[in-house]
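1. test case, fold it:
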Amino acid sequence: MKRQSGFTLIELLVVIAIIAILAAILFPVFARARENARKASCMSNVKQIAQAVHMYLQDFDEAFPGRALPGGSPVPSDARWWTDLFLPYTKNTQVYYCPSRGNNYWGYGYNTHLTTSVTLASVDRVADLVVIADDDSNYRTLYCPQCNALSDWDKLPNDRHSGMINCAFADGHAKSMKKSVLYNNGKHDPYYKQW
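-> Prediction:
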């Protein structure tokens, strides 16, 4: 009598267990790789916004626009937000949405200390001054004046990229920073205000 070849139940369970172990090892790796791709795409957005800020400054005598024009607290309903002011330079609204956050929410916030009275010449260290950063508050601002911004520090700005925050600086460069470094023990200097 010839024995029929095939898997026994034990062999089948061993193969399934090995596949499950491999999947458990690989899924976190794939998730990290996907988040790294999103972080890189977000950094590209932030860099484009940084360049738009620089072009805006060149066109308006190096004066920052503030978070909205006309300004005020609360912002008037007919105001043009910074996202609208930079749109002629970015030519694309998609750059305002972080891929890790989705297209339903604003992904970045503007430094509210940079009002229309602040010029690039008045900034001591332009390479340290944050203009735009990741933000989860939907205020489109960093340190929102009409909300308790210090209690909102968990959202303003947000370290959604593996504990890092993508930031655009006044000199036009962009980089990722740790939230604790930006917070700087509650001080606004040098990253948010230098005057």
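2. are we agreed that residue 56 is in a helix?
-> Yes - the assignment for residue 56 (DSSP: H, G, I helix; E, B strand; the rest coil) places it in a helix.
3. give me the number of residues near it?
-> Here the number of neighbours of residue 56 (other CB atoms under 10 Å) works out to 18. From N, CA and C alone the C-beta is placed, and that goes for glycine too.
4. cool, and the one 3 residues further on?
-> Applying the criterion other CB under 10 Å, we find 11 residues in the vicinity of residue 59.
5. can you pull the pLDDT of the most centrally placed residue in the chain?
-> Centroid check for the chain by CA atoms, centre = their mean gives residue 134 as the closest residue, at 2.3 Å. Listed pLDDT for residue 134 reads 91.
6. surely it touches residue 42?
-> Yes - contact criterion CB atoms under 8 Å: residue 134 and residue 42 qualify, at 7.1 Å.
7. what about residue 172, how many neighbours?
-> 17.
8. swap that for residue 44, please
-> Neighbours of residue 44 under the rule other CB under 10 Å: 14.
9. surely residue 34 forms part of a helix?
-> Yes - if the criterion is three-state DSSP, then residue 34 is within a helix.
10. spit out the contact partners of it.
-> If a contact means CB atoms under 8 Å, 6 or more residues apart in numbering, then residue 34 has no contacts.
11. for stretch 175-182, what does the pLDDT average out to?
-> 88.
12. got the buried residues for it?
-> 176, 177, 179, 182 (16 or more other CB atoms under 10 Å).
13. restricted to helices, list those residues.
-> Members of those lying in helices (criterion: DSSP state H): 179, 182.
14. can you list the buried residues of stretch 175-182 in a markdown table and add distance to residue 60?
-> Output for the buried residues of stretch 175-182, formatted as a markdown table (distance: CB to CB, whole Å):
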| residue | distance to residue 60 |
| --- | --- |
| 176 | 28 |
| 177 | 27 |
| 179 | 31 |
| 182 | 27 |
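15. and which of the buried residues of stretch 175-182 is nearest to residue 67?
-> Distance to residue 67 across those (CB to CB) is lowest for residue 182, with 17.9 Å.
16. list the contacts of the closest one.
-> Here residue 182 is in contact with 130, 133, 157, 165, 167, 191 (CB under 8 Å, 6+ apart).
17. mutual contacts of residue 134 and residue 42, please.
-> 98, 107, 161, 166.
18. for the first one, helix, strand, or coil?
-> Translated: residue 98. coil.
19. so how far is residue 72 from it?
-> Remark: distance between residue 98 and residue 72 (CB to CB, to the nearest Å) = 27 Å.
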